[in-house]
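Q: how would this look folded up:
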Amino acid sequence: MKKLILGTAILALSAGIASASEVVRMGTEGAYPPYNFINDAGEVDGFERELGDELCKRARLTCEWVTNEWDSIIPNLVSANYDTIIAGMSITKERDEVIDFTQNYTQPDPSGYLALTGSDPDLKGGIIAAQTGTIQAAHIASSGATLVEFATPDETIAAVRNGEADAVLADDAYLRPIAEENDDLEMLKKTELLGGGVGMGLRESDRDLRAKFDAAIASMKADGSLNKLIMKWEIGPGF
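A: Coordinates of the predicted model:
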């Protein structure tokens, strides 16, 4: 079965693929490790940089990386300021009504709660922080807790430390390293399973480009290279 899937993906990649001269602008946030961040050299780095470069190679596309703040990342895609979103964006029904998605390149990964060490926050009736426009923010808003939103993930952590929020809800892969590196913060036991995994966002009119990236993602799933990247960056369960 894997050989059949791989063969189908290779055929899709080879049929009608654009030449390497086609430039695709890859839009990301650059502020959500390990998915994406800016390294000491001032370059986009992380799981999605490595993944995106490999997808572009397989699809024979020349890609350039563009950073954009999270709260306007979808409007700027629609406005053609870049051609894709590859920024830890979970596939949801609401987003899919505005943009298109490739197949997922991560499995749905639990979202976790981060709080001050030794605290016992009320997750049902307390004040919970989340980044604006995320699936975590939507979940809190419908949970009965009081939602406080911030433009960047760093600000959500600061809100817990300065007492503006009792806890923060975000991807476990983002929060857990922070808890491990800071004695004043800890992960709570409760988790939430949200969204349909992470995929690349594209304009609904760019069906050919979506097909190229879909084929490249499928080929990485089939040959095991996607799972290797997921394990390397400790993103969550593989395929």
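
Q: for Val23, give me phi and psi.
A: Torsion angles at Val23 (phi, psi; degrees, to the nearest 10) stand at phi -100, psi 130.

Q: do I have it right that it meets Cys63?
A: Yes: assessed by Cβ atoms under 8 Å, Val23 is found in contact with Cys63 at 7.3 Å. The way it works is simple: take the backbone N, C-alpha and C, and place the C-beta from them, glycine included.

Q: higher neighbour count, the two?
A: Cys63 (19 against 12; other Cβ atoms under 10 Å).

Q: tell me which helix or strand the more buried one sits in.
A: Secondary structure from DSSP states H and E places Cys63 in strand 62-67.

Q: chain center to that strand: distance?
A: Centroid separation between strand 62-67 and its chain, computed with Cα atoms, centre = their mean, to the nearest Å, is 16 Å.

Q: what about Ile230, which helix or strand?
A: With DSSP H and E as the criterion, the answer for Ile230 is helix 225-233.

Q: just the residues contacting that helix, thanks.
A: Residues outside helix 225-233 that contact it (Cβ atoms under 8 Å, 6 or more residues apart in numbering): 34-35, 46-47, 50-51, 54, 105-106, 173, 217, 220-221, 235-239.

Q: Ser142 and Gln131, how far apart?
A: Separation of Ser142 from Gln131 (Cβ to Cβ, to the nearest Å) stands at 16 Å.

Q: go on, Asp53?
A: In terms of Cβ to Cβ, Asp53 sits 25 Å off from Gln131.

Q: higher neighbour count, these two?
A: Of the pair Asp53 and Gln131, Gln131 is the one with more neighbours under other Cβ under 10 Å, namely 26 against 14.

Q: next, the buried residues of the strand or helix carrying Ile73.
A: Secondary-structure assignment from DSSP H and E places Ile73 in helix 73-78. Residues of helix 73-78 classed as buried under the neighbour-count rule (16 or more other Cβ atoms under 10 Å) are Ile73, Ile74, Leu77.

Q: pLDDT of the helix holding Ile230, averaged?
A: Helix 225-233 carries an average pLDDT of 97.
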